[in-house]
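Student: predicted model follows, preceded by the sequence.
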Amino acid sequence: MFEIGSVAQIDVYRQEVILGTDEINFIRQQNFVKIARANLNVVMGQDPETPIEIMDMSPDSRKLEINLEEAYEIAEKNNPGLKRFEYDMDAAEYGRKAAKGRY
């Protein structure tokens, strides 16, 4: 449009700035998706770099073949936060034993 004289040069620059801003926002959103996938892996007890595929599913498309208690057991077994607390408890117990042995 600028080449045929329909718009001013300032309009061309304004649109280039808008394009650049949109490209930056696109890259930022891609990074948010990568971070969200890594956080999801951590919550599931996996390595953050593990590739995952997110699928859209309707609520009735797949029935769970485990009951609620089994789901809780699996979640507790794979929760990295709970594992950390278990390791902290073990370390405290070893520290107590070491202190008692020195006494």
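Tutor: Ah, there it is. Numbering: from 1, shown residues only.
Student: what about this structure, any weak spots by pLDDT?
Tutor: For the chain, the stretches with pLDDT under 70 are 2, 57-64.
Student: this protein: helices as residue ranges?
Tutor: 9-43, 68-78, 80-102 (DSSP state H).
Student: of the ones you listed, which is nearest Ile52?
Tutor: Shortest distance between Ile52 and the helices of the chain, using Cβ to Cβ, is found for helix 9-43: 5.8 Å. For every residue, glycine as well, the C-beta is placed using N, CA and C.
Student: next, the angle from the closest one to helix 68-78.
Tutor: Orientation note: helix 9-43 sits at an angle of 100 degrees relative to helix 68-78 (axes from the mean of the first three to the mean of the last three Cα atoms, to 10 degrees).
Student: let's number from 644 now, not from 1
Tutor: With the count now opening at 644, the last piece we talked about shows up as helix 652-686.
Student: on that earlier part again, in CSV: the helices of the chain, plus distance to Glu692 and mean neighbour count.
Tutor: Below are those laid out as CSV (distance: least, Cβ to Cβ, whole Å; neighbours: other Cβ atoms under 10 Å):
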stretch, distance to Glu692, mean neighbour count
helix 652-686, 7, 11
helix 711-721, 17, 11
helix 723-745, 15, 10
